[in-house]
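Colleague: would you be able to build a 3D model of this:
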Amino acid sequence: MLLFSDRIVTDRQLPADRLLFLDGLRALAALWVMLGHLRLFPLGWTAWEGWAAAPLNALMYMHYGVDVFLVLSGFCLALPLVRGDGTYRGGLKGFFAARAARILPPYFATLALILLVNTFVPIVRWARHDLGLTGDMPWQVLWTNLLLMQDIYPQYNNVNGPFWSVATEWHLYAVFPLLIWVWRRHGVAALLAAGTVAAVALTALSDAFPRIPVIDASVPQPPYYVVLLVQGIAAAALAFSPRFESVRAMLRKGAWLAALLLVVAIGAAFHAYPIVDVPSVLRHNAMFRWFDPLAGALTAALLVGLAGVAPTQPLRRLLESSALVKVGGFSYSLYLIHIPLLTALYGATLLLVEEPLTRFLLLLAAGVPVCLIGAWMFSRVFERRFGPRARPAHPAAQVQQVRAGEPVPSGPSSRPG
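Modeller: Numbers count the residues shown, from 1 in each chain. Okay, the predicted model is just below:
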């Protein structure tokens, strides 16, 4: 079997700037999220039966796309640090300025466009559920979205469901330097332990105080997501830090074994808590605190393993295909605008056909090209013009620094509404 064979290569055999499989993974996660939401419009949360049941039902688990992206974020942000001397080029001020330039312009552009449309056509009239905006939008919704507080005030995340993950990742950037300090000072084991302790403590606090008195806020949601960021940082360290040079081959082979075991564990968990209808969605979502770290661990293991696979091998070639790399390049824009576009298109299908599966096929045929082309055009205007272009601290991370840390989750709209 290739993944456990001696075709695993060393760092010296890998072109330093060829980690395009990260864009491939990012594209697959983004497409999973987009297609999952596309499925929900005509088919809802009811499991399908028939010739296309397996792929159609798999789309209902698109929430786990956010796990993939958050681990990728930690991996990409840490990559130039673990391959260099562990210091930030431009200092912490430069780090946060680069993150703001990367994340905020496309986000605020999307927010402005949605609010503009809502002025003329209240989104509640054409959304698939009544959690959208209204003609008389509450002021709390406006300031929550303007200040990226949707993870602290999830009750006001009514503009665009997936926006919550932008707020989550934005706030996780604040603890990223501390996590890097733990890794530099105490190593990967201490980093993983610190992330686990923080996740457990925040989750316990969230359970004890679902709403913080007086300010009516929540502990940043999901409270355990810090462990996913930690998993990405740890994966970057294990895959590329000089500290592990002597045991690199063993770590990479072990990563594939860990990935296999995690696939079995996740499969068993999903079998025990399948999504087949709305009540089952609630049962499944209640297990996110356990399932999300498993999905994050699987992603981290795959990143460590893929870093040791030669670019000429089939798996790397698939993930680094031009189509996937292209989509990965504008996946953040795809995440931001796909729900408004699908919502408008679904409104059109309601006027044309009545049968749910036919609606799905019609939305699939129209929605995929519209979302991909629209996201590409949006990224050309709001991402590339304002995004950071500075070279990273280490040339080996050049490709990743341009698009590091892109959030693409499914958001509250992936839950029944």
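Colleague: longest helix of this structure?
Modeller: helix 91-120 (DSSP state H).
Colleague: mind listing what's buried in it?
Modeller: 95-96, 98-99, 102-103, 105-107, 109-111, 113-115, 117-118 (16 or more other Cβ atoms under 10 Å). Backbone N, C-alpha and C define where each C-beta goes, glycine included.
Colleague: equivalent analysis for stretch 314-333, please.
Modeller: Buried-residue list, stretch 314-333, by 16+ other Cβ under 10 Å: 315-316, 319-321, 324-325, 327-333.
Colleague: next one, pLDDT for Gly86 please.
Modeller: Per-residue pLDDT puts Gly86 at 72.
Colleague: not counting sequence-adjacent ones, nearest residue to it?
Modeller: Once flanking residues are discounted, Gly86 sits nearest to Arg184: 4.9 Å by Cβ to Cβ, 6 or more residues apart in numbering.
Colleague: if we can go back for a sec, what helices and strands are in contact with the longest helix of the chain?
Modeller: helix 139-146, helix 163-172, helix 176-186, helix 331-352, helix 356-382 (3 or more Cβ pairs under 8 Å, 6 or more residues apart in numbering; DSSP states H and E).
Colleague: nearest to Thr46 among these would be which one?
Modeller: helix 356-382 (8.9 Å; Cβ to Cβ).
Colleague: can you work out which other helices and strands pack against that closest one?
Modeller: helix 21-43, helix 91-120, helix 331-352.
Colleague: can I get the ones you listed in CSV with mean pLDDT?
Modeller: Shown next, in CSV, are the helices and strands packed on helix 356-382 (pLDDT from 0 to 100):
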stretch, mean pLDDT
helix 21-43, 95
helix 91-120, 90
helix 331-352, 90
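Colleague: distance to Thr144 added to those, as CSV?
Modeller: CSV is the format used below for the helices and strands packed on helix 356-382 (distance: least, Cβ to Cβ, whole Å):
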stretch, distance to Thr144
helix 21-43, 22
helix 91-120, 11
helix 331-352, 17
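Colleague: of all these, which lies closest to Val66?
Modeller: Using Cβ to Cβ, the helices and strands packed on helix 356-382 put helix 21-43 closest to Val66, at 7.6 Å.
Colleague: send me the closest one as CSV with only the CA atoms.
Modeller: This file holds the C-alpha atoms of helix 21-43, laid out as CSV (Å, rounded to 0.1, in the frame of the first residue of the first chain):
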residue,chain,number,x,y,z
PHE,A,21,-2.4,20.0,-1.4
LEU,A,22,-3.5,22.5,1.3
ASP,A,23,-5.5,24.4,-1.3
GLY,A,24,-6.9,21.1,-2.5
LEU,A,25,-8.1,20.2,0.9
ARG,A,26,-9.5,23.7,1.4
ALA,A,27,-11.4,23.3,-1.9
LEU,A,28,-12.9,20.0,-1.0
ALA,A,29,-14.1,21.3,2.4
ALA,A,30,-15.6,24.4,0.8
LEU,A,31,-17.4,22.4,-1.9
TRP,A,32,-18.7,20.0,0.9
VAL,A,33,-20.1,23.0,2.8
MET,A,34,-21.6,24.6,-0.3
LEU,A,35,-23.2,21.4,-1.6
GLY,A,36,-24.5,20.6,1.9
HIS,A,37,-26.3,23.9,2.1
LEU,A,38,-27.6,23.4,-1.5
ARG,A,39,-29.1,20.1,-0.4
LEU,A,40,-30.9,21.6,2.6
PHE,A,41,-32.9,24.0,0.6
PRO,A,42,-35.0,21.5,-1.4
LEU,A,43,-34.5,18.3,0.7
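Colleague: for it, what is the distance to the chain centroid?
Modeller: Using Cα atoms, centre = their mean, to the nearest Å, the distance from the centre of helix 21-43 to the centre of the chain it belongs to is 10 Å.
Colleague: same deal with stretch 76-83?
Modeller: 18 Å.
Colleague: contacting residues around Leu202?
Modeller: By Cβ atoms under 8 Å, 6 or more residues apart in numbering, the contact set of Leu202 is Val219, Pro220, Pro223, Tyr224, Val226.
Colleague: can you pick the most crowded of the residues you listed?
Modeller: Val226 (26 neighbours; other Cβ atoms under 10 Å).
Colleague: test my guess that Phe69 contacts Arg26.
Modeller: Yes: when contacts are counted by Cβ atoms under 8 Å, Phe69 is listed as touching Arg26 (6.8 Å).
Colleague: which one's more surrounded, the two?
Modeller: Ranked by neighbour count (other Cβ under 10 Å), Phe69 and Arg26 place Arg26 first, with 30 against 27.
Colleague: and the gap between the spatially closest residue to the more buried one that is not a sequence neighbour and Val263?
Modeller: Excluding the flanking residues, the one nearest Arg26 by Cβ to Cβ, 6+ apart is Gly328, at 4.1 Å. According to Cβ to Cβ, to the nearest Å, Gly328 and Val263 sit 22 Å apart.
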